[in-house]
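1. how would this look folded up:
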Amino acid sequence: MRRLNSGSHINKIISLLIIICVIYFSYLPFLYIIHFLQIDKKLLWAGIFLSTLFVITIKFLIKKTHSLKLQVVLPFVLYLFFAIYAFSSFALTPNYLNDIFNIRTVAFLNPIFILFALHSRKNKVFIIKLLFLFLFIYFIFFVYRFYRGELSISSDLSQTIFNICGAESAYQNINLYLGLFALFNMTFILLYQYNFLKILSYLMFLGSFIGTFFIGGRASVISLTLILLIVPFVLLRQKINKKHFFFTYFFLLLLTIVFLLLLEPYISESITIKRFMALSVIQVKDIYTDPSNRLFLFTKALELFSLNLKNIVFGAGINFFPVYIGEYHTGMYPHNIILELLAEYGLIGTALFFMPIFYILKLRKDVLGSIVGNSFEERTFFLVALYFWIIHMFTGGLRSSWMLIFFTYILTPYKEENPLVPSQAVCKFTCN
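-> Here you go, the predicted structure:
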């Protein structure tokens, strides 16, 4: 029993280190710690990152038996085909922007984060608790700034909830985490059974959702809203108490709509809504586009992809898109990860990128009986992965894709010994 508890504690420590590695560069409260310790941000991350790798490696080596199955290793191996393809493409084409960050992420960092995800798949419940705690801190900062009157609902500029250098223009980051916190509370309300806690979860859901309108980021609002609307269809065929689920869902949706209608005079003046409305303002920049350049970027990415047969099959090359549109900095990527794959990696690269993801979804279907999953933690992580994928359709790219990669590959089922028919899978995963 002691040995079992010791192993459990080690797994929790590793999970904590992994989550810190995953969110490190985007988690703004860490800036307070770094500022207090006066340590170089990248150096500290490198130390945590290498320590995590070291602990996982030692743990793997000292185990008497290794239970790694092909079903677990295969997602990692399949991704390596894409990594090798991307590295070969980068080596054979000019370094257009004299920048190696993209290829470093795609070919070197992402495979390690896949290993982190595959190691973490057995600790999903603990990771949900960790993430909830990290996200709750964002919520506390928002409530505190709002209480002090430091946030204006009618601001004409994006706002921040952190008072530290490096967080001034982090509105997308803040909305990402507030939206994710709202999503966690939504899954708790809909999928968990403890009714007395659902009131508190709903208040946090509503507060963080409304908080996104104060800040200015749009992608997380779109993602959260879409998930809120489609979640009944996602879970429609799941083995859940449908009567309880739909009653809770429609009550949640109705109550949220009522609150939004009551607050509509204020929300309609918020910076987030103003930035949404700005999308309808058409201006000319080579083609018709909007102030955020999304229509311009999306159209140009499709144009680059279809420019010739070589681009269609092999892609135009890493970092070529900014050059194609007359910009020469990495910030002008397509802002849609699929269009970026098509434009710069072609059909071959896109197929290689999605091959392991489709395999994971098939494995979930075989093992869990459904790609969504059959437990609270599996369904929660499926919705989290969906949240990140929707965001990456509007603002994300491969340059910093390790969070998307991690939350996608952690969907790999834990108990993968043998494929099960759905009825067996439900018993195996819910009766333990």
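
2. wouldn't V313 be in contact with L347 here?
-> Yes: when contacts are counted by C-beta atoms under 8 Å, V313 is listed as touching L347 (5.7 Å). Placement of C-beta: from N, CA and C, glycine included.

3. Counting neighbours, go ahead and name the busier of these two.
-> Between V313 and L347, L347 has the larger neighbour count (other C-beta atoms under 10 Å), namely 15 against 11.

4. any weak-confidence spans in the stretch 1-150 of the chain?
-> Counting by pLDDT under 70, the stretch 1-150 of the chain has low-confidence residues at 1-7, 63-69.

5. Show me the helices in it, by range?
-> All helices of the stretch 1-150 of the chain, identified by DSSP state H, counting those that start in this stretch, fall at 2-23, 30-37, 41-62, 70-92, 101-104, 110-120, 124-147.

6. Show residues contacting the fifth one.
-> Defining contact as C-beta atoms under 8 Å, 6 or more residues apart in numbering, one finds that helix 101-104 is touched by 86-87, 90, 318-319, 330, 398-399.

7. Repeat the analysis, applying 6 Å as the threshold.
-> 90, 318-319, 399 (C-beta atoms under 6 Å, 6 or more residues apart in numbering).

8. starting at the chain centroid, how far to it?
-> Put simply, helix 101-104 sits 19 Å off its chain's centre (C-alpha atoms, centre = their mean, to the nearest Å).

9. thought L361 was touching I371?
-> Yes: counting by C-beta atoms under 6 Å, L361 touches I371, with 4.7 Å between them.

10. Which neighbours do the two have in common?
-> Counting by C-beta under 6 Å, 6+ apart, nothing touches both L361 and I371.

11. residue ranges of the helices in the stretch 201-350 of the chain, please?
-> Counting by DSSP H, counting those that start in this stretch, the helices of the stretch 201-350 of the chain are 219-234, 242-262, 264-267, 271-277, 294-305, 309-314, 320-324, 337-368.

12. Dump the ones you listed to TSV, plus mean pLDDT and distance to Q172.
-> As requested, the helices of the stretch 201-350 of the chain are exported to TSV (pLDDT from 0 to 100; distance: least, C-beta to C-beta, whole Å):
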stretch	mean pLDDT	distance to Q172
helix 219-234	92	7
helix 242-262	86	22
helix 264-267	86	19
helix 271-277	84	11
helix 294-305	92	13
helix 309-314	96	29
helix 320-324	94	19
helix 337-368	96	15
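
13. Serialize these to a markdown table and add fields for distance to L37.
-> Listed next are those as a markdown table, based on distance: least, C-beta to C-beta, whole Å:
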| stretch | distance to L37 |
| --- | --- |
| helix 219-234 | 30 |
| helix 242-262 | 41 |
| helix 264-267 | 39 |
| helix 271-277 | 33 |
| helix 294-305 | 38 |
| helix 309-314 | 46 |
| helix 320-324 | 36 |
| helix 337-368 | 34 |
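
14. So for N110, which of the ones you listed sits nearest?
-> Among the helices of the stretch 201-350 of the chain, the nearest to N110 by C-beta to C-beta is helix 337-368 (10.0 Å).

15. tell me the angle the closest one makes with helix 70-92.
-> 170 degrees (axes from the mean of the first three to the mean of the last three C-alpha atoms, to 10 degrees).

16. buried stuff in helix 337-368?
-> 337, 339-346, 348-350, 352-353, 356-357, 359-361, 363-368 (16 or more other C-beta atoms under 10 Å).

17. Which of the helices of the stretch 1-150 of the chain has the highest mean neighbour count?
-> Of the helices of the stretch 1-150 of the chain, the one with the most neighbours on average (mean count of other C-beta atoms under 10 Å) is helix 110-120, at a mean of 21.

18. Need the contact partners of that helix.
-> Helix 110-120 has contacts (C-beta under 6 Å, 6+ apart) with 15, 18, 56, 72, 76, 79, 83, 127, 402, 405-406, 409-410, 412.

19. 7 Å instead, please
-> If you take C-beta atoms under 7 Å, 6 or more residues apart in numbering as the criterion, helix 110-120 is touched by 14-15, 18, 21-22, 56, 72, 75-76, 79-80, 83, 127, 401-402, 405-406, 409-410, 412.

20. Ok, stretch 248-268 next?
-> In contact with stretch 248-268 (C-beta under 7 Å, 6+ apart) are residues 153, 189-190, 202, 206, 210, 213, 232, 273.

21. how close does K42 get to I112?
-> Separation of K42 from I112 (C-beta to C-beta, to the nearest Å): 16 Å.
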